[in-house]
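Visitor: what follows is a predicted protein model with its sequence.
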There are 2 protein chains.
Amino acid sequence: MKKEIINLIEQRKYAEIKNQLIEMNVVDVAQLIEELDKQNMLIVFRLLPKDFSAEVFSYVSTDLQRDIVESMSDAEIKSILDQMFLDDTVDFLEEMPSNVVKKVLKNANESTRKLINQFLNYPEDSAGSIMTIEFVDLKKEMTAEQAIRHIKETGVDKETIDTCYVIDKERRLEGAVFIRKLILSKDSIIVKDIMDTNIIYVSTNDDREKAASLFKKYDLLSMPVVDNEDRLVGIVTVDDIIDVISQENTEDLQKMAAMVPTGEEYLKTSTLTLAKHRIPWLLILMISASLTGGIIRKFDNVLQSTVLLASFIPMLMDTGGNSGTQSSTLVIRGMALGEIGLKDVFKVLWKEFRVSCIAGLVLSSLSFLRIYFLEKVDLLIALTVCTTLFFVVIIAKLLGGLLPIVAKTFKADPAIMASPLITTIVDTAALLIYFAMATWLLNI
Amino acid sequence: MKKEIINLIEQRKYAEIKNQLIEMNVVDVAQLIEELDKQNMLIVFRLLPKDFSAEVFSYVSTDLQRDIVESMSDAEIKSILDQMFLDDTVDFLEEMPSNVVKKVLKNANESTRKLINQFLNYPEDSAGSIMTIEFVDLKKEMTAEQAIRHIKETGVDKETIDTCYVIDKERRLEGAVFIRKLILSKDSIIVKDIMDTNIIYVSTNDDREKAASLFKKYDLLSMPVVDNEDRLVGIVTVDDIIDVISQENTEDLQKMAAMVPTGEEYLKTSTLTLAKHRIPWLLILMISASLTGGIIRKFDNVLQSTVLLASFIPMLMDTGGNSGTQSSTLVIRGMALGEIGLKDVFKVLWKEFRVSCIAGLVLSSLSFLRIYFLEKVDLLIALTVCTTLFFVVIIAKLLGGLLPIVAKTFKADPAIMASPLITTIVDTAALLIYFAMATWLLNI
């Protein structure tokens, strides 16, 4: 496909290129343009019809958007702005350097400029920042026929007329009606009689995660957004919510792997930024892991007398860390999905206790068989190792279940309580138990 | 709310309960019923109008669905089956014990029974298993007016008429048209002229993850599903896709935390099942972690001569593990989102190499300052520890970047390559470097 287009460009068969591209999906056209070199990309982009190119524009990468805008005339920018949805315009401006933002704002008409500035002011993670203002509003006194006529007159090319919103004179939200319900109703029926008054909505300053969880809970396709005075100012659509869910999952994963979260794509993030996001937590965890060194040094008489004991430390610490991570991951995820709440703390602990007894028993018995019979290690040392293992698994799983809930109680993010922090705590506990057992069983 | 309903039940004010509930969202009614005891729950459920109760039914928990069906008469089951969407019926049957399944199938009419059996046969993770058959099909020769009339006649209460699909005589998919486009068009326009022929679709046996990533890429609200002969058999809607995305994320997290993945909710999973999902990986990792014990025993002369060296082993191993997990998490997530492909392996390695040099340098310099100046450890030992740390960070990050891509090359799941497996490999490498450095620098 890419080669074909380059050939056509070289032969200057521009009409043919245009005809081929407008038959394609805008997302695929965006991807194709992305692969061309800068000059050919601009040629192809200019060939596209205005409304089509505006859609393609909102799907190409930030770098390409900048290149395109920088090479455009003021008239071209104006025409693209007219065709783009306001939320896409704002998304794109948020990533642009200030000279590009200025160039674009200069070419927007005054009302659009005002709206853009208002949108740029919403907090980054708020519902306001992901809403769009292109929606259809109805009055409750309209008949179904009038409503459909109103939609025909005002709704041309709005992506989001599947649900229409009913507002009063002060633009306060009164109800919602699916367009399919309007169509399936008799012409004479009044909107008021078929509208749903039980509306799920968010406020502009609500967290976008709140919007996402409402979408999930109520299986919504769009949701109205109101301002402080309950006036309808925009709607959030499900395609943006899918992006939010995906981003939040990425951030949770990053936190659980001990990184400062970033929304940027890996390959597009600079080495220095990556390093900056990783080093702080590595440092914190390195210093806390050094605590374990202190414990070992304190008990060096034990190790001195039986160096063999040192060789089981890594296995004990790793198994403890893995056991704790399993539990914390399930609890953190359960809390993120709203399946586990603060009130469930004792249920979680009781479950983890029972699971850890089973897991601890299986792991330590098998370890004993291996260490005592296969590796022919001294009975007392084998017992020291396996008893420690049993208790370490229990402590690790209890901590893994408890810490995320404790974090939530103190309004901290449960995700940062995951593997690394738990590993460090469990390591310390494991060593203390190990040396205590050794001192006692081996009489050192 | 719950108390209010219980009061009303005691006063036998059933009409009032019904009036209150039908004003509420079905999801909230389902949640409310969930909180009542079994007897009251059944009373309330029976009060609801048929279509409303069918919707509520598809939102309550599996346990409750079983209780309801078991207490229902055949006539009641018939009426609920008539009102439920087929995909919800199938979802619910998949979780039921066989006596309930039989009771339900007995009351389904023959065509529904056939369809249910066909759906139950689709592989669990396939697009077929999440599709619904309630959609509107059009012919391309229809005018917009005829199409809308056809929708009015056949589409009553179909949740999914926002996109209509155009099929030929053999039911092969020819195009798609948004209902809003039909409404916004002139009555006389032919469907063929406004339909989109560039349709994104999946086949019944395709993985549901494939469907999910197409929804994300193309911002879809619904997607047609075809059989082996390209005939349209159903559609997948975005609300089910949101559930798929959420479940896949949960499974990835579980795999990354070394568990056999399960779709079940934590609090509803039995202790034994939880243990069964966790023990296999804990065992594998415990055995592989024991390798490190072998290495330590092999070098016990080094430890014997300088027991102090043992005290740095946990810090070295933890930091290596954390460094590797950071890299692997980013790469696994990048691959899941389609941002990183197999061809990017050298880009990833080069990036990880540079990041790890920076991180390694920062961590080992700060460690040196702490160990040599603060803890006043012997210079050569401090040097041994810090040089090892530097190399461990580099190896860990290179492995963290490489292993998920290698897994993908061999069609294995990148998520299982995450923290625990990498930790084990990095631990071994860390010890080998450490003892090599010690032998060389300390002349043991």
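Guide: That came through fine.
Visitor: every contact and neighbour count from this point should use C-alpha atoms.
Guide: Fine.
Visitor: got the contact list for stretch A:370-377?
Guide: With contacts defined as Cα atoms under 8 Å, 6 or more residues apart in numbering or on different chains, stretch A:370-377 is touched by A:378-379, A:382.
Visitor: just the buried residues of that stretch, please?
Guide: A:371-372 (16 or more other Cα atoms under 10 Å in any protein chain shown).
Visitor: just to revisit the earlier point, select from the contacts of stretch A:370-377 every entry located in helices.
Guide: A:379, A:382 (DSSP state H).
Visitor: ok, so of the contacts of stretch A:370-377, who is nearest chain B?
Guide: residue A:382 (13.3 Å; Cα to the nearest Cα).
Visitor: can you pull the contacts of the nearest residue to residue A:87 once chain neighbours are set aside?
Guide: For residue A:87, ignoring the flanking residues on the chain, the nearest one in space by Cα to Cα, 6 or more residues apart in numbering or on different chains is residue A:132 at 5.0 Å. Taking Cα under 8 Å, 6+ apart, we find residue A:132 in contact with A:85-87, A:234-237.
Visitor: most neighbours of all those residues, which one?
Guide: Neighbour counts for the contacts of residue A:132, by other Cα atoms under 10 Å in any protein chain shown, peak at residue A:236, which reaches 28 neighbours.
Visitor: tell me the secondary structure at that one.
Guide: Counting by DSSP: H, G, I helix; E, B strand; the rest coil, the backbone at residue A:236 sits in strand.
Visitor: so it makes contact with residue A:220?
Guide: No - using Cα atoms under 8 Å, residue A:236 is not in contact with residue A:220, being 10.1 Å away.
Visitor: part of a strand, is residue A:166?
Guide: Yes - under three-state DSSP, residue A:166 falls within a strand.
Visitor: what number of residues are in the vicinity of residue A:416?
Guide: For residue A:416, using other Cα under 10 Å, the count is 24.
Visitor: same thing with residue A:392?
Guide: By other Cα under 10 Å, neighbour count at residue A:392 equals 28.
Visitor: same question for the one 3 residues further on.
Guide: A count of neighbours around residue A:395, defined by other Cα under 10 Å, yields 22.
Visitor: give me the pLDDT value at residue A:89.
Guide: Looking at residue A:89, its pLDDT is 85.
Visitor: now do the contacts for it.
Guide: Residues near residue A:89 by Cα under 8 Å, 6+ apart: A:58, A:81, A:116.
Visitor: show me which of those is closest to residue B:409.
Guide: residue A:58 (32.8 Å; Cα to Cα).
Visitor: next up, the contacts around the closest one.
Guide: Taking Cα under 8 Å, 6+ apart as the contact definition, residue A:58 lies against A:84, A:88-89, A:92.
Visitor: same thing but at 7 Å, please
Guide: Taking Cα atoms under 7 Å, 6 or more residues apart in numbering or on different chains, we find residue A:58 in contact with residue A:88.
Visitor: quick one, domains of chain A?
Guide: Following automatic domain parsing, one finds the domains of chain A at A:2-121, A:137-237, A:266-441.
Visitor: mind checking the end-to-end distance for the first one?
Guide: In other words, domain A:2-121. End-to-end distance of domain A:2-121: 40 Å, with Cα to Cα, to the nearest Å as the criterion.
Visitor: what of the last one?
Guide: Looking at domain A:266-441, the gap from its leading to its trailing residue is 51 Å under the measure Cα to Cα.
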